[in-house]
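1. Build me a structure from this.
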Amino acid sequence: MDISRVDLNLLVYLDVLLREKNVTKAANHLGITQPAMSNGLRRLRDLFDDPLLVRTSEGMTATERATELQPLVRGILSDIEQAVQEKASFSANESQRVFRIMASDYAESCLMPRVLRRIRQEAPNVILDVLTPSDVSFQDVEQGRLDMAINRFDKIPQSFHQKTLWTEYFACLMNLRNPILQDPFTLDSYLEASHIWVSKTGFGVGVGVNPKDVQRLGWVDEALGLMGRKRHIAVFTRHYQVAMLLAEQHDLIATLPSRAAWLQKDNANLVIKPPPFDIPPFELKMAWSPLLQHNADHQWLRRVVAAVAEEVDEEFAEFGHQFEAVETDGPHRSER
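-> Residues are numbered from 1 along each chain as shown. Next comes the predicted model:
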C-alpha cells in the first residue's frame, strides 16, 4: 500500500467510530455531517478490506480486525499529536488553568489539602476541580477530559500512564467505649462485632452491594473468606469520612486504609488498632491519558502530586509501621 495515497484524516474518523460505535455520535463528536461520516466509514472499509463495524441487535459492533486496529490507531494519533504540539513551558505563577482530578474521598482527605496548599504557593491562580469516581468514566481519562484519576484500581486500561503514590495497609477504627475493647482484640472478638463496609474503587456509578457476594466486597472480606470466616456488616457506605463518623458514634468497627485512620489519631473518642488478621495491602495510584503525557502543564501537576505524596508517606511512616505486614517485592513508586 502506498501510504502517500492514504488520507490520514480517516484514522481520526476510525478512532472516533470505534469509540462511539455510532455513526451519528461520531459525526457530532468531530463536528461533521452524518453523510460525511458515513462516506468516511465506506472509505475505511475499502482501505482495510473489512466491514470494521457491523450492525447487530445490540447496535454497531466492532469486527475482529477493527478491535486489532483500535490500539494501533490510538497510538499513531497520539504520536502525531505529540509531534505537532507546540513545546511551551508551563509558567506556574501566571497560569490560570483548571485542573480536573478524580479522587475518592479517602485520597481526597489524605492528599488533596496538601496538594492545594502547594498549588496555592506555586500557582496561586490555578483552579482545582475535584470530582468523585461516580462523576467520571475511563473514557473521560482516555480522551483527556479529566487530567488525572487518583484511586485504587481493580483494573485499568494498559494505554493509561500511571504512578504508584504509596502502598496502603489497613487499620481498625472504633469508639473508645466500644464493648469489644473490654477484652483482647482478637479475630474472634472482631467477628463478634458489627462492622461498617466502605469501598470505592475505579470509575463509574456504583450499584447496590450483595452481602453474600464475598468476592465483590473487597480485600477485607476476601481475606476473611480465605480463612473460612465472615463478618457481620451492619452498614454499607462508599464514603470513608462517613465510615469514620459512624465508628465514632456507634459500637461498630470500620476497617479502612491506615492513612485515613491516621487523620483521626488525635481524636480522643476513637481507638485505632491493627486488624487481628492479615489483609493484603493495595496501591494508591494516579493515572492519566497518554494524550497528556508530554503536556508541560500536566507534567508540573504530576510532579506536585508525587512530591506531596512523598511528604505524606514520610510523615505517616512512624505511625503506619504498626499496620505493615512483611512487604513483598514489587513496584512502589514506578512510573510508566
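2. Kindly format the C-alpha coordinates of the helix or strand bottoming out on mean pLDDT in the chain as PDB.
-> Ranked by mean pLDDT, DSSP states H and E, the weakest helix or strand in the chain is helix 138-142, scoring a mean of 85. C-alpha atoms of helix 138-142 as PDB (Å, rounded to 0.1, in the frame of the first residue of the first chain):
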ATOM      1  CA  PHE A 138     -12.400   5.500  31.800                       C
ATOM      2  CA  GLN A 139     -13.300   7.400  28.600                       C
ATOM      3  CA  ASP A 140     -13.000  10.800  30.400                       C
ATOM      4  CA  VAL A 141      -9.400  10.000  31.300                       C
ATOM      5  CA  GLU A 142      -8.600   8.400  27.900                       C
END
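3. Residues contacting that helix, please?
-> 19, 102, 146, 148-149, 156-157, 159-160, 203-204, 287-289, 291 (CB atoms under 8 Å, 6 or more residues apart in numbering). Glycine gets a C-beta too; all of them are placed from N, C-alpha and C.
4. Show me what counts as buried in that helix.
-> Going by neighbour count (16 or more other CB atoms under 10 Å), the buried part of helix 138-142 is F138, D140, V141, E142.
5. Type out the ChimeraX command that picks the buried ones from the contacts of helix 138-142.
-> For the buried members of those, the matching ChimeraX selection, counting by 16+ other CB under 10 Å, is:
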select :19,102,146,148,149,156,159,160,203,287,288,289,291
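6. Could you tell me which of the contacts of helix 138-142 belong to helices?
-> R19 (DSSP state H).
7. show me the contacts for A260.
-> A260 touches Y106, S109, C110, A171, Y240, M244, counting by CB under 8 Å, 6+ apart.
8. Nearest spatial neighbour of the first one, chain-adjacent residues omitted?
-> Using CB to CB, 6 or more residues apart in numbering and skipping the chain neighbours, the partner closest in space to Y106 is Y240 (4.3 Å).
9. doesn't C110 make contact with the one you found?
-> No. Look at Y240 against C110 with CB atoms under 8 Å: they stay out of range, at 9.2 Å.
10. Please report how far A287 lies from S109.
-> From A287 across to S109, the span is 19 Å (CB to CB, to the nearest Å).
11. Might you list the low-confidence residue ranges for the stretch 201-336 of the chain?
-> For the stretch 201-336 of the chain, the stretches with pLDDT under 70 are 201-216, 325-336.
12. the strands in it, which residues?
-> Using DSSP state E, counting those that start in this stretch, the strands of the stretch 201-336 of the chain run over residues 232-237, 252-257, 270-273, 282-288.
13. how far off strand 252-257 does the first one point, in degrees?
-> Our comparison of strand 232-237 with strand 252-257, counting by axes from the mean of the first three to the mean of the last three CA atoms, to 10 degrees, yields an angle of 60 degrees.
14. For strand 232-237, which strands pair with it and how are they oriented?
-> Sheet pairing of strand 232-237 (DSSP bridges) gives strand 194-198 (parallel).
15. What of the second one?
-> Strand 252-257 has the following sheet partners, assigned by DSSP bridges: strand 170-175 (antiparallel), strand 194-198 (parallel).
16. helix or strand right after the first one?
-> Read in the C-terminal direction, the helix or strand following strand 170-175 is helix 187-192, with elements assigned using DSSP states H and E.
17. which outside residues touch that next one?
-> Contacts for helix 187-192 (CB under 8 Å, 6+ apart): C172, I180, D183, L224, R229, K230, R231, H232, I253, P275, P276, F277.
18. pLDDT averaged over that helix - what is it?
-> Averaging pLDDT along helix 187-192 gives 95.
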